[in-house]
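*Asks:* kindly return the folded structure for what I paste below:
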Amino acid sequence: MVPITTADGTPHTARVARALAAEDASIRLQAALAAGSHPDPGLLETLVERCAREPDFYVRDMLTWALTRLPAETTLPRMRRELDSERVQARSQGLHTLSKIGDRRAWPWITRELLRDADDEVARTAWRVAVALVPDDEKQDLADELVRQLGRGDRTVRLSLSRALVDLGEVIEPALERAAGHPDPAVAAHARATELLRRNPETDFDAAVDEAKRTVSLGAERAAGTADC
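*Replies:* Reported below is the predicted structural model:
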């Protein structure tokens, strides 16, 4: 059988593109591996589009690897477009790919809108990418922005945020100190738990949260007792 060719006349590109659309995830995985093993800029659009709708985690991871094998000058502009997509997975995978490429030229694209994205997975990925790419002179602003989201989401989301803050280093101290006095107990406890993790990264997150909640609760009881006197 003569392979179908794409616009650029490359049979390999066409075969990989067809395989990436196969129903069998193992075939899609092998196709993504082939795309990364033999980088071809002609596959850029196919890889990006597949990332935005691929349901299998392992295939998505391989697709990301294949994208990182392409020249950054080719991949970065296309990833920037994905960050504005209405599709949640497109934004998430675009951010994830940027984190793997690690090119600081992408820092200006990590907007407050992405850091505050309504979708937890997109926001978590944006936090991770932002911490990896932020210039030293903008770390304080990023810390202030991330601290505004303390108390958000479930355990997984809160752990991701705490880890992102801890990875910023000592610049987070002032913002965490202010947040520890927040009137919302969930925010205050999350801030205190994050500070415990900053001091000792080996601390168990759940244990840190429990200790922080006790501290916040005791502080509230003392305040109430003082008010009754």
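*Asks:* contacting residues around the residue most central in space within the chain?
*Replies:* In the chain, the centroid-proximal residue (Cα atoms, centre = their mean) is residue 125; its distance is 0.9 Å. Residues counted as contacts of residue 125 (Cβ atoms under 8 Å, 6 or more residues apart in numbering) are 92, 95-96, 99. For the C-beta atoms, the positions are set from N, CA and C on the backbone; glycine is no exception.
*Asks:* can we see that at 10 Å?
*Replies:* Under the criterion of Cβ atoms under 10 Å, 6 or more residues apart in numbering, the neighbours of residue 125 are 91-99, 110, 114, 117, 119, 160.
*Asks:* just residue 47 next, same as before
*Replies:* 16-17, 20, 31-32, 35-36, 40, 54, 62-64, 66-67, 69-70, 75, 78, 97.
*Asks:* could you list which of those belong to helices?
*Replies:* 16-17, 31-32, 35-36, 62-64, 66-67, 75, 78, 97 (DSSP state H).
*Asks:* any of the contacts of residue 47 buried? List them.
*Replies:* The neighbour-count test (16 or more other Cβ atoms under 10 Å) applied to the contacts of residue 47 identifies 16-17, 20, 31-32, 35-36, 40, 54, 62-64, 66-67, 70, 75, 78, 97 as buried.
*Asks:* using the three-state scheme, assign the nearest residue to residue 17 once chain neighbours are set aside.
*Replies:* The shortest distance from residue 17 to any residue other than its chain neighbours is 4.7 Å, reached at residue 46 (Cβ to Cβ, 6 or more residues apart in numbering). With DSSP: H, G, I helix; E, B strand; the rest coil as the basis, the three-state label of residue 46 is helix.
*Asks:* is it correct that residue 46 is in contact with residue 21?
*Replies:* Yes - here residue 46 lies in contact with residue 21, judged by Cβ atoms under 10 Å, at a distance of 8.8 Å.
*Asks:* and the two? which has more neighbours close in?
*Replies:* The residue with more neighbours, out of residue 46 and residue 21, is residue 46; 22 against 12, by other Cβ atoms under 10 Å.
*Asks:* dump the ones in helices among the contacts of residue 47 into JSON lines; add pLDDT and distance to residue 140 as well.
*Replies:* Below are these laid out as JSON lines (pLDDT from 0 to 100; distance: Cβ to Cβ, whole Å):
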{"residue": "16", "pLDDT": "91", "distance to residue 140": "45"}
{"residue": "17", "pLDDT": "89", "distance to residue 140": "45"}
{"residue": "31", "pLDDT": "96", "distance to residue 140": "44"}
{"residue": "32", "pLDDT": "97", "distance to residue 140": "39"}
{"residue": "35", "pLDDT": "95", "distance to residue 140": "40"}
{"residue": "36", "pLDDT": "95", "distance to residue 140": "38"}
{"residue": "62", "pLDDT": "98", "distance to residue 140": "37"}
{"residue": "63", "pLDDT": "98", "distance to residue 140": "35"}
{"residue": "64", "pLDDT": "98", "distance to residue 140": "30"}
{"residue": "66", "pLDDT": "97", "distance to residue 140": "36"}
{"residue": "67", "pLDDT": "98", "distance to residue 140": "32"}
{"residue": "75", "pLDDT": "97", "distance to residue 140": "30"}
{"residue": "78", "pLDDT": "97", "distance to residue 140": "31"}
{"residue": "97", "pLDDT": "97", "distance to residue 140": "27"}
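*Asks:* right, I'll leave it there.
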